[in-house]
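Q: Here is my input, please return the structure:
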Amino acid sequence: MGRKPRIDHEELGRLVAEGWSNARLAEHFGVTESGVLQAKRAAGLSKPMTDHSGALPWKIRREHNQSGPATNLRNLSSVAQGRSVPKEKVNTALRWASRLVDNDLDIAYDPEHGFREVPAGERSHVAAMLAAARTAIDEEAGVTGSPPEATTQM
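A: Numbers count the residues shown, from 1 in each chain. This next block holds a predicted model:
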């Protein structure tokens, strides 16, 4: 049995920064693409998986997984986690969530019938997702809630 090829993390980081594909990296290092992905994780070069469990706390049936509410909640979650989402999808999700919040509505899920709009309670799920997404958008744009003098060092 042969020795496993060793991937130098420094070289890997440099090549990833240059934009090399996983297939090209695998060929270069003499490993599989899976080996490249493992090396990227070990070197801290891969982004953690986006976790939508907070956005979709229900067990969603397959037929409801691509519905408007599920898609919008996932897009808001992605934005809140700093992921890149196409502007049109972000705007659609923001408009949808804003409409619900402005009308004191929230979303509920029933595996039998799918998603439905319901009156918002004290803790609106959609309002929380909308707030998290807006906070991330503001942070990315460099907008803060503090006056400029509060953020400067003396």
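Q: Could you list the low-pLDDT ranges of this protein?
A: For the chain, the stretches with pLDDT under 70 are 1-5, 143-154.
Q: Can you tell me the SS state at the closest residue in space to Thr32 that isn't next to it in sequence?
A: In this structure, Thr32 finds its nearest non-sequential neighbour in Ala26, 5.8 Å apart by Cβ to Cβ, 6 or more residues apart in numbering. Where C-beta positions appear, they are placed from N, C-alpha and C, glycine not excepted. Following DSSP: H, G, I helix; E, B strand; the rest coil, we place Ala26 in the helix state.
Q: check contacts around Ala26.
A: Thr32, Glu33, Gly35, Val36 (Cβ atoms under 8 Å, 6 or more residues apart in numbering).
Q: all helices for this structure, in order.
A: All helices of the chain, identified by DSSP state H, fall at 9-17, 22-29, 33-42, 68-80, 87-102, 125-141, 148-151.
Q: Pick the most buried one from these.
A: Sort the helices of the chain by mean neighbour count, taking mean count of other Cβ atoms under 10 Å, and helix 68-80 sits at the top with a mean of 22.
Q: now it and helix 125-141, what's the angle there?
A: 30 degrees (axes from the mean of the first three to the mean of the last three Cα atoms, to 10 degrees).
Q: Skipping adjacent residues, who's closest to the residue most central in space within the chain in space?
A: For the chain, the residue sitting closest to the mean C-alpha position, by Cα atoms, centre = their mean, is Ser78 at 2.5 Å. Among residues not flanking Ser78 along the chain, Val85 sits closest, at 5.0 Å (Cβ to Cβ, 6+ apart).
Q: The one you found: how many residues sit nearby?
A: By other Cβ atoms under 10 Å, the residues close to Val85 number 17.
Q: can I assume it is in contact with Asn72?
A: No. Between Val85 and Asn72 there is no contact under Cβ atoms under 8 Å: 10.9 Å.
Q: list the residues that contact both of these two?
A: Joint contacts of Val85 and Asn72 (Cβ under 8 Å, 6+ apart) do not exist.
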